[in-house]
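1. coords below, sequence missing:
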């Protein structure tokens, strides 16, 4: 039986992440796991730095959104026969040394999805992110039918079956392509009774610029909610 590392791959959606992408990829590669960076139309040196650090780089053909980038990476991971797909952000917020903790949580709990759970405090994260996280986590918990303390953490692990059924099945359950994608995927994973567990993680805030567009992304989030409720 293959080890967790031999079954795993890391997918990083990236848009203008030259400041940290090389370090993030390099540290992840030190765990002997393949890293796939999906470039979402970067205009800086993200692609060159990611390749130099050892990542496979896929180009998304313009700025199509984080969800679209993740889907491209997920498809590639399945094509490569990888059973455990981890997602990290490319801006350096997620400590690459947390990779074994996610793999261990999956194995010990036989989990289908592992979600990073940050210490949520207005003292530890930017106020706007704290407020957004509280609201979104409450909504996702309600719609998915399972309490998740931190639904907005991008540090996650998915078993291949989750991705196949929810994204690439005959009737995909998740159709968002931008900001709402990660929330919709988590809602559907909980609603369809996949085993979801959380693992405590640290997050590094170091002056990175958020790519969230408050008005449009909020609109997209509520459209996603309405779409799910109408479908059910």
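-> That came through fine. All values reported here derive from a predicted model rather than from experimental measurement.

2. how far off centre is stretch 78-96?
-> 8 Å (C-alpha atoms, centre = their mean, to the nearest Å).

3. for it, measure first residue to last.
-> 22 Å (C-alpha to C-alpha, to the nearest Å).

4. where in the chain is pLDDT low?
-> For the chain, the stretches flagged by pLDDT under 70 are 1, 120-133, 205-215, 217.

5. all helices of it, in order?
-> For the chain, the helices defined by DSSP state H cover 4-7, 21-29, 46-52, 66-79, 99-109, 127-144, 160-167, 181-191, 214-231.

6. hey, which of those is tucked in deepest?
-> helix 181-191 (a mean of 24; mean count of other C-beta atoms under 10 Å). In short, each C-beta sits where N, CA and C put it, glycine included.

7. returning to that earlier point: want to throw the helices of the chain into JSON lines with distance to residue 203?
-> Formatted as JSON lines, those follow (distance: least, C-beta to C-beta, whole Å):
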{"stretch": "helix 4-7", "distance to residue 203": "23"}
{"stretch": "helix 21-29", "distance to residue 203": "13"}
{"stretch": "helix 46-52", "distance to residue 203": "21"}
{"stretch": "helix 66-79", "distance to residue 203": "17"}
{"stretch": "helix 99-109", "distance to residue 203": "13"}
{"stretch": "helix 127-144", "distance to residue 203": "10"}
{"stretch": "helix 160-167", "distance to residue 203": "23"}
{"stretch": "helix 181-191", "distance to residue 203": "15"}
{"stretch": "helix 214-231", "distance to residue 203": "20"}
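
8. which among these is found nearest to residue 202?
-> Smallest distance to residue 202 across the helices of the chain (C-beta to C-beta): 10.2 Å, for helix 99-109.

9. does anything pack onto the closest one? Which helices or strands?
-> With contacts taken as 3 or more C-beta pairs under 8 Å, 6 or more residues apart in numbering; DSSP states H and E, helix 99-109 sits against helix 4-7, strand 84-87, strand 113-117, strand 156-159, strand 196-200.

10. no further queries at this time; thank you.
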